[in-house]
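Visitor: 3D model of this:
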Amino acid sequence: KHVLSDDLTDENVEERLGDVSGILVAPGFGERGIDGKLSAIRFARERDIPFFGICLGMQCAVIEFARNVCGWDRAHSTEFDPESPHPVIDLMHEQKRIADKGGTMRLGEYDCKLLEGSRAREIYGTENVKERHRHRFELNNVLRYKLLEHGMHLTGFNTSRDLVEIVELQDRRWFIGVQFHPEYKSVVGRPHPLFASFVSAAIAYA
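Guide: Numbers count the residues shown, from 1 in each chain. Next comes the predicted model:
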């Protein structure tokens, strides 16, 4: 079922999502519905419901973890709170001087190296993949070690630019966020392996 994140709060998330067997937080732009996305992700993480976050969905998973596990109450993306004391999601360093937003997008296909022993590596069955991107903001490398200390695993990297592409919570049954867009490579009859694995996890949970 589709649930508008605009309508979700910590108070009603149990009522709205209590019967689901998997939660996918999809890509998006802008601040609309961010608090609802964070409520949904916290619900998935705390209840151990299979979770898949794509692009902004992955970024929201990092923000939720930073706030509620690392204890950074005002952690955010500088896209939505430029004054956040813990900007766990931020513009790529080389983009900060670019004024025209149209020029700051990270577009196209990029290499991603998958960490040995990760769920992502197991799902893909290979070490190196190529995935397509369309975004401006990235996981902030300056703050990523705090996430690691508290149990978030960073399992996919663009090694040429040292950018985090995949995050996982390996103590959960299925919890993955990806910075790229696997839906661009998913077609009828040949779903992207991440989608196939997520649906399998949701069926098993149900």
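
Visitor: how about low-confidence regions in the chain?
Guide: 92-106 (pLDDT under 70).

Visitor: In space, what's closest to the residue nearest to the spatial centre of the chain - neighbours in sequence excluded?
Guide: By CA atoms, centre = their mean, the chain has its centre lying nearest to residue 58, at 1.0 Å. Distances taken as CB to CB, 6 or more residues apart in numbering put residue 177 closest to residue 58, at 3.1 Å, once the chain neighbours are dropped. From N, CA and C alone the C-beta is placed, and that goes for glycine too.

Visitor: next helix or strand past the helix or strand encompassing the one you found?
Guide: Element membership for residue 177 (DSSP states H and E) is strand 175-178. Per DSSP H and E, the first helix or strand lying C-terminal to strand 175-178 is helix 193-205.

Visitor: for that next one, packing partners?
Guide: Taking 3 or more CB pairs under 8 Å, 6 or more residues apart in numbering; DSSP states H and E as the contact definition, the neighbouring helices and strands of helix 193-205 are strand 51-54, helix 119-124, strand 175-178.

Visitor: mind giving me TSV with those and columns for mean neighbour count and distance to residue 11?
Guide: Shown next, in TSV, are the helices and strands packed on helix 193-205 (neighbours: other CB atoms under 10 Å; distance: least, CB to CB, whole Å):
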stretch	mean neighbour count	distance to residue 11
strand 51-54	26	20
helix 119-124	18	32
strand 175-178	27	23
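
Visitor: residue contacts, residue 27?
Guide: 54-57, 134, 181, 183 (CB atoms under 8 Å, 6 or more residues apart in numbering).

Visitor: Distance check, the closest residue to residue 114 other than its chain neighbours against residue 55.
Guide: Using CB to CB, 6+ apart and skipping the chain neighbours, the partner closest in space to residue 114 is residue 121 (4.1 Å). Using CB to CB, to the nearest Å, residue 121 is found at 21 Å from residue 55.

Visitor: what ranges do the strands span in the protein?
Guide: For the chain, strands defined by DSSP state E occupy the ranges 23-25, 51-54, 76-77, 87-91, 106-114, 128-135, 137-139, 153-158, 163-168, 175-178.

Visitor: which stretch among the ones you listed comes nearest residue 2?
Guide: Nearest to residue 2 among the strands of the chain is strand 23-25; the distance by CB to CB comes to 10.1 Å.

Visitor: The closest one - which strands sit beside it in the sheet, and in what orientation?
Guide: strand 51-54 (parallel) (DSSP bridges).

Visitor: How many residues are close by residue 19?
Guide: Per other CB atoms under 10 Å, the neighbour tally for residue 19 reads 9.

Visitor: if I look at it, how far off is residue 26?
Guide: 20 Å.

Visitor: go on, residue 84?
Guide: Residue 84 is 23 Å from residue 26, by CB to CB.

Visitor: neighbour count winner among the two?
Guide: Taking neighbours as other CB under 10 Å, residue 84 and residue 26 compare with residue 84 leading, 18 against 14.

Visitor: who's in contact with the more buried one?
Guide: Contacts of residue 84 (CB under 8 Å, 6+ apart): 74-78.

Visitor: residue contacts, residue 114?
Guide: Residue 114 neighbours (CB under 8 Å, 6+ apart): 120-121, 124, 126-129, 155-156, 166.

Visitor: let's see it at 10 Å
Guide: Residue 114 sits next to 120-129, 155-157, 165-166 when contact means CB atoms under 10 Å, 6 or more residues apart in numbering.
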